[in-house]
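K.L.:
Mind looking at a prediction? Sequence and model below.
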Amino acid sequence: MASAPTASSAPSSPSAALLEQPVLGSRRLSNVLVAAVVSTGGLGFLLTSASSYTGTDLLPIGHPAALSFVPQGLVMGLYGIAAALLATYLWAVIAIDVGAGANRFDKGDGTLTVTRRGFRQLISVTTPLKDIQAVKVDVRDGLNPRRRLALRIQGRRDLPLTRVGEPMPLADLERGGAELARFLGVPLEGV
């Protein structure tokens with residue numbers, strides 16, 4: 001009767017030497033909703049301004065033609081232009097998907113590669129795995145809460161790994177930090 005293979009005689013799978021974590025960028029439902037609301041509001045302000053200038057109601061609600069163009073219609077037009085510029089920026093950020101990327105831990109090459117999409121170029125940072133001292137869980141509550149995973153790297157600043165935006169649930173953050181620390185063989189700090 002043949003015995004079961006031991007852990008040392010079992011072939012190592014390629015996934016045991018490679019860990020890749022995708023990072024969500026700005027293409028999220030919350031950002032799309034904000035951009036849609038700003039676009040709709042800006043259009044409303046512009047139509048209100050145009051209605052007060054022409055004297056005809058261009059909006060189905062209210063009577064914006066009754067407003068005097070100076071100063072009310074003019075101010076509404078400035079608000080509409082500001083909202084249109086902000087909406088253009090938000091839609092561009094969503095279309096480019098700023099902040100999207102991946103964290104790639106490759107034990108075969110002995111490197112960590114962090115890539116993120118910027119406005120005009122792809123940002124890539126490569127660090128040797130041997131320089132990673134610990135996985136840090138950073139939790140700050142209050143008015144501006146922050147929950148993120150970062151790597152403590154020898155001779156450098158902490159390198160954040162999680163996305164920017166809404167804070168992650170604490171259980172997911174701790175689980176992800178523990179799995180990453182176990183994969184890298186380094187301690188987990190901040191828990």
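P.N.:
Arrived safely. Owing to the predicted nature of the structure, the values given are computational and were not obtained by experimental measurement.
K.L.:
so what's Leu129 up against?
P.N.:
For Leu129, the contact set (C-beta atoms under 8 Å, 6 or more residues apart in numbering) comprises 105-107, 110-112, 184. Glycine gets a C-beta too; all of them are placed from N, C-alpha and C.
K.L.:
swap in Ala50?
P.N.:
Contacts of Ala50 by C-beta under 8 Å, 6+ apart are 58, 77.
K.L.:
and it, that's in a strand?
P.N.:
No. With DSSP: H, G, I helix; E, B strand; the rest coil as the criterion, Ala50 is located in helix rather than a strand.
K.L.:
Neighbours of the nearest residue to Lys130 once chain neighbours are set aside, how many?
P.N.:
Using C-beta to C-beta, 6 or more residues apart in numbering and skipping residues adjacent in sequence, the residue nearest Lys130 is Gly110, 6.7 Å away. Residues near Gly110, counting by other C-beta atoms under 10 Å, number 11.
K.L.:
And Ser68, by the same measure?
P.N.:
9.
K.L.:
ok, it touching Ser52?
P.N.:
Yes. With contact defined as C-beta atoms under 8 Å, Ser68 reaches Ser52; the gap is 6.7 Å.
K.L.:
before we move on, the earlier item: please indicate which of the contacts of Leu129 are buried?
P.N.:
105, 112, 184 (16 or more other C-beta atoms under 10 Å).
K.L.:
Was I right to think the first one contacts Leu184?
P.N.:
Okay, so that is Phe105. Yes. Contact criterion C-beta under 8 Å: Phe105 and Leu184 qualify, at 6.8 Å.
K.L.:
So which of the buried ones among the contacts of Leu129 is the closest to Arg156?
P.N.:
Leu112 (11.8 Å; C-beta to C-beta).
K.L.:
distance of Leu19 from Pro128?
P.N.:
15 Å (C-beta to C-beta, to the nearest Å).
K.L.:
quick one, which of these two is more surrounded?
P.N.:
Between Leu19 and Pro128, counted using other C-beta under 10 Å, the more crowded position is Leu19 (16 against 12).
K.L.:
and Pro5, what pLDDT?
P.N.:
You'll see Pro5 listed with a pLDDT of 37.
K.L.:
for Val38, same thing?
P.N.:
At Val38, pLDDT is 98.
K.L.:
In the helix or strand encompassing it, which residues are buried?
P.N.:
Element membership of Val38, judged by DSSP states H and E, is helix 29-54. Across helix 29-54, burial judged by 16+ other C-beta under 10 Å covers 31, 35, 38-39, 41-42, 44-53.
K.L.:
so where do the strands sit in this structure?
P.N.:
18-23, 101-106, 111-117, 122-128, 132-140, 146-153, 159-160, 188-189 (DSSP state E).
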